[in-house]
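3D model of this:
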Amino acid sequence: MIRLAALVLIAAPAAAQDRRPAPEIFVTSAMATSTAQILAVNCPVLSINPGAMRTETDRVLDALDADGFTPETMTDAMEDPSDRIAVLQDAFLAKHDLADGATSDAVCAAGLREISEGTAIGALLLEVEG
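As a prediction, the model looks like this:
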């Protein structure tokens, strides 16, 4: 399976003292949303749940706003969370025994397991007709 990539864009770096660590809610949500999207793209019986994705986005944006991060300032004010997201992605891959070249069946099994376990990733997915 392709390396899971977080959908996090970090702009030109600001002075190090101006940046704060990414809040945990941002890190875990970025991992969950990007992983759910990759699972849905690579499995014909999985799709993104648009309502759940919207709810998650709103929840994270509200939390970031309360923490002083806005969409306009986030890239300049937040440290790059890529390493922290990668740790979570590696744990996901290990949990499901997924590696580069994982079959569609293995990817589908991982997504369906996430749904059945009620995880943050599973909450963003829907099982559909293949």
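
could you use CA atoms for every contact and neighbour count after this?
Fine.

which secondary structure element is home to Gly111?
For Gly111, the host element (DSSP states H and E) is helix 104-117.

setting aside sequence neighbours, what's the nearest residue to Ala106?
Leu98 (7.2 Å; Cα to Cα, 6 or more residues apart in numbering).

for that neighbour, which three-state class applies?
With DSSP: H, G, I helix; E, B strand; the rest coil as the basis, the three-state label of Leu98 is coil.

touching, it and Ala109? I think so.
No: taking contacts as Cα atoms under 8 Å, Leu98 lies outside contact range of Ala109: 10.3 Å.

got any ranges where this structure has weak pLDDT?
Low-confidence segments of the chain, defined by pLDDT under 70, are located at 1-17, 130.

on that earlier part again, torsion angles phi and psi at the residue nearest to Ala106?
Backbone dihedrals for Leu98, given as degrees, to the nearest 10, come out at phi -100, psi 140.

circling back to that earlier point, ok, then the element right after the helix holding Gly111?
Following helix 104-117 in sequence order, the next helix or strand is strand 125-127 (DSSP H and E).

just to revisit the earlier point, other SSEs contacting the helix holding Gly111?
Other helices and strands packing on helix 104-117, by 3 or more Cα pairs under 8 Å, 6 or more residues apart in numbering; DSSP states H and E, are helix 24-42, strand 46-48, strand 125-127.
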